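[1] how would this look folded up:
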Amino acid sequence: MSADKMKKFFKSKVKFNAKQQHVEVWLDTGLPHLNKAISGKYNGGFPCGRIVEIFGWESSGKTYIATQAMISGQKAGGISMFMDHEKSFDSLLAEKCGLNVGEDGNWIYQQPETFEESLEYASYIVKEIRDGKIIPPTAPIVLVFDSLATMVPKQIFEKFANKASGKATKKDDLNMNDNTALARCTSSHFPALSQWASKYNVCMIFLNQCRQDLSVTFGDNTKAPGGKAPGFAASVRVQLSKSQIKEGTERVGDVVTAKIIKNKVAPPFKTASWSFYYNTEIGIDATESLVDHMLAVGYLKKNDSGRILLGEKAYSRKEVVENFKKLPTEKIIELLEKWHTENAEIADAAMDGGEPEDYEEE
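    Alright, predicted model coming up:
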């Protein structure tokens, strides 16, 4: 087929190609090295127009990361929504982190009763926002579901409602069909959710819990509830694990490690770790965690005595953290990104795989 004939066929029959999807808006996670692991850029983060799943054991920082994404969405002129199925979201703590939880319109908080109610309400609001041009088309909508494991299918909720009202019959007894209800809900809804996220430029973040798969004898035996559909639909899947931080014999926090086990926006299987302290006055120290990352990838070096070199002088880890806190984060990211690009082979290798060991605080 000649080039002219091919071109004529395209213009007369195909007419035009569908718009190819590219991520144009990234949501900062609050941790530059986690941004790098997810998006390949220290100033990147979660992709808008895609589904993200974050799963891990209890108290591994899932809600914190989602809160940072919601803060980023608001700062970009967008709207953040939180569907609280666990009924445990701490708005005062989120506000302390920088989230606007007021009645200004850029914060929507709901406590849906069922899986179906949650998705129907969220889809309705998203469509109303875009159709009504409430925010610019490029401004993000951040939609967080907490958590997928606690999103109760309607068929189960109605059985419990019947039992509570004294109207239950034998058909309201839970059975094997109810055990797979959540998986069937995700299987039927997630393909449409993927298109909804793309069509309306929504970053859909599903927080999820962990379960042990007793059929796995060797290797990682953790799995996430909800069947296989979330894993297929998500463009990014983040698995969180943790190890202890101790001061003497007292456990004061955890080192949380995120492993990007699926990634369709950047190379997968990168890791990022950060320190999470139980003292809410500290919480997550992003600068401290970034310094640890810079040591791990080789941007910062230690001398023979274990002190960190800055120029010709050596400092303790605590002193280095305090020095970096005096610098604008944007400047640190710019320098680190440049260095990472020039030393990609060793830096990328340092971000691949591995479980953290128990960490003793200096």
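[2] quick check: bridge partners of residue 255?
    With DSSP bridges as the criterion, residue 255 is bridged to residue 243, residue 275.
[3] ok, now which ones touch it?
    242-245, 273-276, 356, 359 (Cβ atoms under 8 Å, 6 or more residues apart in numbering). The C-beta positions use only the backbone N, C-alpha and C, and glycine is treated the same way.
[4] which of the residues you listed lies closest to residue 295?
    Checking the contacts of residue 255 against residue 295 by Cβ to Cβ gives residue 273 as the nearest, at 11.1 Å.
[5] quick check: phi and psi on that closest one?
    Dihedral pair for residue 273: phi -120, psi 150, per degrees, to the nearest 10.
[6] any idea how far the nearest residue to it once chain neighbours are set aside is from residue 152?
    The spatially closest residue to residue 273, leaving aside those adjacent along the chain, is residue 257, at 4.4 Å (Cβ to Cβ, 6 or more residues apart in numbering). Here residue 257 is placed at a distance of 31 Å from residue 152 (Cβ to Cβ, to the nearest Å).
[7] what's the answer for residue 349, then?
    For residue 349, the distance to residue 152 - Cβ to Cβ - is 44 Å.
[8] out of those two, which sits in the busier spot?
    Neighbours were counted for residue 349 and for residue 152 using other Cβ atoms under 10 Å; residue 152 has more, 20 against 11.
[9] now for the spatially closest residue to the more buried one that is not a sequence neighbour, how many residues are close by?
    Leaving aside its sequence neighbours, residue 152 sits nearest to residue 114 (Cβ to Cβ, 6+ apart; 5.5 Å). Here the count is done by other Cβ under 10 Å, and residue 114 has 18 residues near it.
[10] for residue 114, list the residues it contacts.
    151-154, 157.
[11] ok, now residue 252?
    245-246, 277-279, 361.
[12] which helix or strand contains residue 127?
    Using DSSP states H and E, residue 127 sits in helix 115-131.
[13] list the contacts of that helix.
    By Cβ under 8 Å, 6+ apart, helix 115-131 touches 79, 81, 83, 85, 108, 110, 112, 134-135, 137, 141, 143, 145, 151-154, 182, 185, 189, 193, 196, 200-202.
[14] drop anything exposed from those.
    Buried members of the contacts of helix 115-131, scored by 16 or more other Cβ atoms under 10 Å, are 79, 81, 83, 85, 108, 112, 135, 141, 143, 145, 151-153, 182, 185, 189, 193, 196, 200-202.
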